[in-house]
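S.K.: Can you look at this prediction? I've put the sequence above it.
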Amino acid sequence: MTTLSNDIRAALGLDDEARLDRSVRFPAPRSPEGRGLAGISPLSTVVDELLKAPHAAEAISAIGRVPGGLRRWAREPGIFLLELTGLTAQSSGGASFALSEDELVVDARGEASFVRLSGPQVEVVWHLTTDAAELLEVRSGASAPGAPTASLPTGTSVSSLSGIAPDAPIELASPPPQRLTGGALAEAWLEESYAALAASPSILDRAAAVGLMARCYSPRDLSTLTVDEVLSLPSPLRAARAWRASLPRDVQDALVMLAIARSGELVEAFEEVRASICAETPEAARLARGWVEERDRLESILALFGEDAPALREALDRLDDQVAVHHTIWSMLDAWEDDPLLCEVAWREPDAWWGRLCGS
Amino acid sequence: MRELSELVRGLGEQGRAREAAARELLETLQQKGQRPLRNLGLPSDGISDLVQQLLFLIVTRPEKFEDKQWGYAIRSLQNLGLTRLRSERTQAGRHQALTDAGSGELAAPVRFDAVEVAERWKLLDLAHQHALGERKREIDRGPLVRSWEQIKELADGKIEFRALVASEQVSGSDAGAVLKAQNRLHKAHERCRTALRDAIDALFKRGIFKEEDRDLALRQHRGLPRVNTAPKSAHSQPTGVRAGPRRDLQG
């Protein structure tokens, strides 16, 4: 539970009974630009820039679609942009400016800023600093512990994450792969990848194992089957989504939030990959392959949720958009044409740009 | 002939309507896939299995195909064909030397027919025109024109990156000069790709791009990496980064 001073509570309109539970924290980027080393501009300049350039929002690095659609300005991490559609905001600390009716610029560079957002199914407080953006859930003190509180659809909020910090242990075991394949064995590389991910200490990896099998499994020889027989084959994706839907709601929400957070980390990590490839360091290929694998794991998580996690889809689109401006660096690498994962992705998901790295 | 999206929707029906959609899908894939797969060097008796594999994929993951055109499905089929050929080559390689006939480099597939290529570049060309319009000075426009041509040629497999790097080398032929030239290219392309992305956004905000145009353009913008697939020289490594001096580029 997070404790706020009485002054802040009063400014935010929180009654004495209200309890604040930390649900997720987005640390500020580590890049020189992200640390604000580019220089500190006055808030008026920031606002000017956001107002003048219609595409200035592109300069704001998204940190996940969460209540209030919070985004962080890439140039100065203490500057945040909140989208308030359908929400009311009360703030304490820092400075703020209403960019439009539905957008609020918050300057938390000088001091920490707290912004309470209220609306249908939303009751949260953002704790914004130059170091991080932290989401606090407002819970009524009258509620019994564990009682359901404001709940949002999976992928658009971290509500229901009470008690689950991103790094807290969560019970989640990958099912036996045959449960997804209708009892059949997958190709050796896929069985091995599944086993490795399923044994990972990370719940994201354990869930990604299921998504990977759903994305990459096909029965071995289909040429002798009729169309009717193909139509009646068990669908690994359906089985994987049924498994995901059987998970407790808070675990599902945690998976989406963790995946969104990891997509943010991948944006940060890409800089190292880019620099390494451009400098032709000996570890460049390994770094790049590791990065691509992480990107692919997030696709496996998305496969589990499909349309039920629009926020994750958006986060991954943003990640891909940011990486896309550097796509020329891949030309400095030789094709990974013997990589089974990338080759499978290339034909199963031609839209997935990393599938092209196998030379397809 | 019905559109792919229509048939994929048909797979969501029940009973005979579903079966009919699946049959038509299979037949159309077999018909449209014949030539591209044969161009890869696949025997015709191996094609039906690939088509069935794709049918299974579309049946089990319809959302990946429901807003796509036939060219997308054929690209998927070509990539599956390439994967199959590579796998066969790897297996064969266990038994015979790589220098044997038939175990050489795979030819880059012809990805799209001319109409599909034109369609694919349409939105991004528009965005590029918009980005050019934003730049009044020739000194700003020239690099944007050149980089965009290079990016498209790279993406289509018409040119290899190392050839571009060689053309960018203004002086020297040592490893340092090569590194400088390729980083200069990367920076120029980065600026061009960023300008394109900004232009897509600007065109959407001005109402010139509808939401679906913007989404498609962004998807196409994301899909422009091109890894090096040129035949490996004796000096390059088997996979991954070609480290060390680029002797194959030296005078």
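M.R.: Noted; the coordinates are in hand.
S.K.: Helices of the chain, start to end?
M.R.: You didn't pick a chain, so chain A it is. With DSSP state H as the criterion, chain A has helices at A:6-12, A:43-52, A:178-181, A:188-198, A:203-216, A:227-231, A:236-245, A:249-278, A:284-305, A:310-324, A:340-348.
S.K.: you looked at the wrong chain, it should be chain B
M.R.: For chain B, the helices defined by DSSP H occupy B:4-10, B:15-39, B:47-60, B:70-93, B:114-133, B:138-155, B:161-168, B:175-205, B:211-222.
S.K.: Please work out which of these is packed deepest.
M.R.: Of the helices of chain B, the one with the most neighbours on average (mean count of other CB atoms under 10 Å in any protein chain shown) is helix B:47-60, at a mean of 22. The way it works is simple: take the backbone N, C-alpha and C, and place the C-beta from them, glycine included.
S.K.: Just want the angle from that one to helix B:70-93.
M.R.: Relative orientation of helix B:47-60 and helix B:70-93, computed by axes from the mean of the first three to the mean of the last three CA atoms, to 10 degrees: 130 degrees.
S.K.: what helices or strands is helix B:47-60 leaning on?
M.R.: Under the contact criterion of 3 or more CB pairs under 8 Å, 6 or more residues apart in numbering or on different chains; DSSP states H and E, helix B:47-60 touches helix A:227-231, helix A:236-245, helix B:15-39, helix B:70-93.
S.K.: Return the residues in contact with residue B:148.
M.R.: By CB atoms under 8 Å, 6 or more residues apart in numbering or on different chains, the residues touching residue B:148 are B:128, B:192, B:196.
S.K.: which of those residues lies closest to residue B:139?
M.R.: For the contacts of residue B:148, the residue nearest residue B:139 by CB to CB is residue B:192; the value is 14.7 Å.
S.K.: Test my guess that that closest one contacts residue B:144.
M.R.: Yes: with contact taken as CB atoms under 8 Å, residue B:192 and residue B:144 are classed as touching, separated by 5.6 Å.
S.K.: Specify the residue ranges that define each domain of chain A.
M.R.: Annotated domains of chain A cover A:6-139, A:171-360 [automatic domain parsing].
S.K.: Contact distance from chain A - what residues of the stretch 1-150 of chain B qualify?
M.R.: Proximity of the stretch 1-150 of chain B to chain A is confined to B:18-19, B:22-23, B:26, B:48-49, B:52-57, B:59-61, B:63-64, B:72, B:75-80, B:82-83, B:86, B:90, B:106, B:108-109 under the rule CB under 8 Å from any CB of the partner chain.
S.K.: What is the burial count for the residue of the stretch 251-360 of chain A found nearest chain B?
M.R.: Going by CB to the nearest CB, chain B is nearest to residue A:285 of the stretch 251-360 of chain A, at 2.7 Å. Other residues within reach of residue A:285 by the criterion other CB atoms under 10 Å in any protein chain shown amount to 21.
S.K.: Tabulate the domains of chain A in CSV, adding columns for distance to residue B:160.
M.R.: Conversion of those to CSV gives the following (distance: least, CB to CB, whole Å):
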stretch, distance to residue B:160
domain A:6-139, 31
domain A:171-360, 8
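S.K.: most neighbours per residue, which of these?
M.R.: Across the domains of chain A, averaging neighbours per residue (mean count of other CB under 10 Å) puts domain A:171-360 on top, at a mean of 20.
S.K.: Endpoints of that one, how far apart?
M.R.: For domain A:171-360, the separation between the terminal residues is 39 Å (CA to CA, to the nearest Å).
S.K.: quick one: average pLDDT of it?
M.R.: This predicted structure assigns domain A:171-360 an average pLDDT of 93.
S.K.: Could you do stretch B:165-172 as well?
M.R.: Per-residue pLDDT over stretch B:165-172 has a mean of 77.
S.K.: quick one: common contacting residues for residue B:192 and residue B:144?
M.R.: Between them, residue B:192 and residue B:144 share these contacting residues under CB under 8 Å, 6+ apart: residue B:131.
S.K.: surely the residue of the stretch 251-360 of chain A closest to chain B meets residue A:332?
M.R.: No: in this structure, residue A:285 is not within contact of residue A:332 by CB under 8 Å, at 10.1 Å.
S.K.: where does chain B have low pLDDT?
M.R.: For chain B, the stretches flagged by pLDDT under 70 are B:93-119, B:170-172, B:230-251.
S.K.: which residue is nearest the middle of it?
M.R.: In chain B, the C-alpha closest to the average C-alpha coordinate belongs to residue B:155, at a distance of 5.6 Å (CA atoms, centre = their mean).
S.K.: what's near enough to touch residue B:30?
M.R.: B:47, B:48, B:51.
S.K.: Which residue ranges of the stretch 51-200 of chain A form strands?
M.R.: Along the stretch 51-200 of chain A, the stretches classed as strands by DSSP state E, counting those that start in this stretch are A:60-62, A:71-73, A:79-83, A:88-92, A:95-100, A:103-107, A:113-119, A:122-128, A:132-139.
S.K.: Quick one: those strands as JSON lines, columns for distance to residue B:123 and mean pLDDT too.
M.R.: JSON lines is the format used below for these (distance: least, CB to CB, whole Å; pLDDT from 0 to 100):
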{"stretch": "strand A:60-62", "distance to residue B:123": "23", "mean pLDDT": "39"}
{"stretch": "strand A:71-73", "distance to residue B:123": "26", "mean pLDDT": "67"}
{"stretch": "strand A:79-83", "distance to residue B:123": "27", "mean pLDDT": "80"}
{"stretch": "strand A:88-92", "distance to residue B:123": "37", "mean pLDDT": "86"}
{"stretch": "strand A:95-100", "distance to residue B:123": "28", "mean pLDDT": "76"}
{"stretch": "strand A:103-107", "distance to residue B:123": "28", "mean pLDDT": "82"}
{"stretch": "strand A:113-119", "distance to residue B:123": "36", "mean pLDDT": "88"}
{"stretch": "strand A:122-128", "distance to residue B:123": "36", "mean pLDDT": "85"}
{"stretch": "strand A:132-139", "distance to residue B:123": "34", "mean pLDDT": "81"}
